[in-house]
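A.B. asks: generate a structure from the sequence data that follows.
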Amino acid sequence: MIEFRNVRKIYPQGKREIAALDGVSLRIERGGFTCLMGPSGSGKSTFLHLAGGLDLPSSGEVLIEGKATSSWDDDALTLLRRRRLGFVFQFFNLIPSLTVAENVALPLLLGGARPSDVEDRIVPLLERVGLADRRSHAPDELSGGEMQRVAVARALVADPAIVLADEPTGNLDSGTGRGILELLRNVAREDGRTVVVVTHDPAAARFSDRVVTLRDGRVESDGKP
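C.D. replies: Alright, predicted model coming up:
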């Protein structure tokens, strides 16, 4: 589903250049739950941005479902992110003026769907994440864990093949974080989606099928949790 071929990503820093990723080669197969770990500055977030088509490599190739992202124009990358990728963020990124149901429906509405046509997608997703009775609430009426469950439902609403999560438990207590990780594990195992989670939390590894550790922009280890 995702393949990195000798990928380097360089950022200018004053008169110097910083290699956020330095020759990373990695294949992530369909339907697995991969944890990407490493200290701050190891290249985890850069990896996720490249895997999500949010940025392009300085050299090497990033392939999503077999096609190099550098060969797509901006419109094609936008459609890729809208139709094939789901994103979950550390800070939820919910729109405070919208209800839970409206936040979940937003990717479909941005894609041109009519509000009357999205109900069949929203209802089972809210039931799955345990928020069917909160659909009319505003985000500020929810706990942190509930807000992250809304974010997971929003990531799934367009039926993506790949779900990318950036520190999804970073703002949650350990018990609530475990619930989110269990939910993401089920998304991989039950739905056959490819889930990649970037995290500092070593406890997250217990929920994954594979742990990749980055250090200084390179793969330090890759194996079973």
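A.B. asks: quick check, pLDDT for the residue nearest the centre of the chain.
C.D. replies: Taking CA atoms, centre = their mean, the centroid of the chain lies closest to residue 164, which sits 1.6 Å from it. Residue 164 carries a pLDDT value of 95.
A.B. asks: what's the closest non-adjacent residue to residue 3?
C.D. replies: residue 63 (4.3 Å; CB to CB, 6 or more residues apart in numbering). Using the backbone N, CA and C atoms, a C-beta is placed for each residue, glycine as well.
A.B. asks: give me the neighbour count for residue 31.
C.D. replies: Residues near residue 31, counting by other CB atoms under 10 Å, number 14.
A.B. asks: so the residue nearest to the centre of the chain versus residue 58, what's the distance?
C.D. replies: 20 Å (CB to CB, to the nearest Å).
A.B. asks: helix/strand/coil for residue 98?
C.D. replies: coil (DSSP: H, G, I helix; E, B strand; the rest coil).
A.B. asks: what's near enough to touch it?
C.D. replies: Counting by CB atoms under 8 Å, 6 or more residues apart in numbering, residue 98 touches 106, 138-139.
A.B. asks: before we move on, the earlier item: now do the contacts for the residue nearest to the centre of the chain.
C.D. replies: 48, 51-52, 85-88, 196, 198.
A.B. asks: repeat that for 10 Å
C.D. replies: Listed by CB atoms under 10 Å, 6 or more residues apart in numbering, the contact set of residue 164 reads 2, 36, 47-49, 51-54, 81, 85-89, 155, 194-198.
A.B. asks: is it true that it lies in a strand?
C.D. replies: Yes. Looking at residue 164 with three-state DSSP, it is inside a strand.
A.B. asks: okay, and the beta partners of it?
C.D. replies: residue 87, residue 196 (DSSP bridges).
A.B. asks: send me stretch 32-45 as CSV with only the CA atoms.
C.D. replies: Coordinates of each C-alpha in stretch 32-45 appear next as CSV, following Å, rounded to 0.1, in the frame of the first residue of the first chain:
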residue,chain,number,x,y,z
GLY,A,32,-1.6,-4.2,8.8
PHE,A,33,-1.3,-1.9,11.8
THR,A,34,2.2,-0.4,11.8
CYS,A,35,3.6,1.7,14.7
LEU,A,36,6.2,4.3,13.7
MET,A,37,8.3,5.2,16.8
GLY,A,38,11.4,7.2,17.6
PRO,A,39,12.6,10.3,19.5
SER,A,40,11.7,13.8,18.6
GLY,A,41,13.5,14.9,15.4
SER,A,42,13.8,11.3,14.1
GLY,A,43,11.7,11.9,11.0
LYS,A,44,8.3,10.4,12.1
SER,A,45,6.1,13.3,11.2
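A.B. asks: heads up, I number from 14, so please use that
C.D. replies: With the count now opening at 14, the last piece we talked about shows up as stretch 45-58.
A.B. asks: for it, list every residue counted as buried.
C.D. replies: 45-51, 55-57 (16 or more other CB atoms under 10 Å).
A.B. asks: how about stretch 210-222?
C.D. replies: In stretch 210-222, counting by 16+ other CB under 10 Å, buried: 210-212, 214, 217-218, 220-222.
A.B. asks: good, we can wrap up now.
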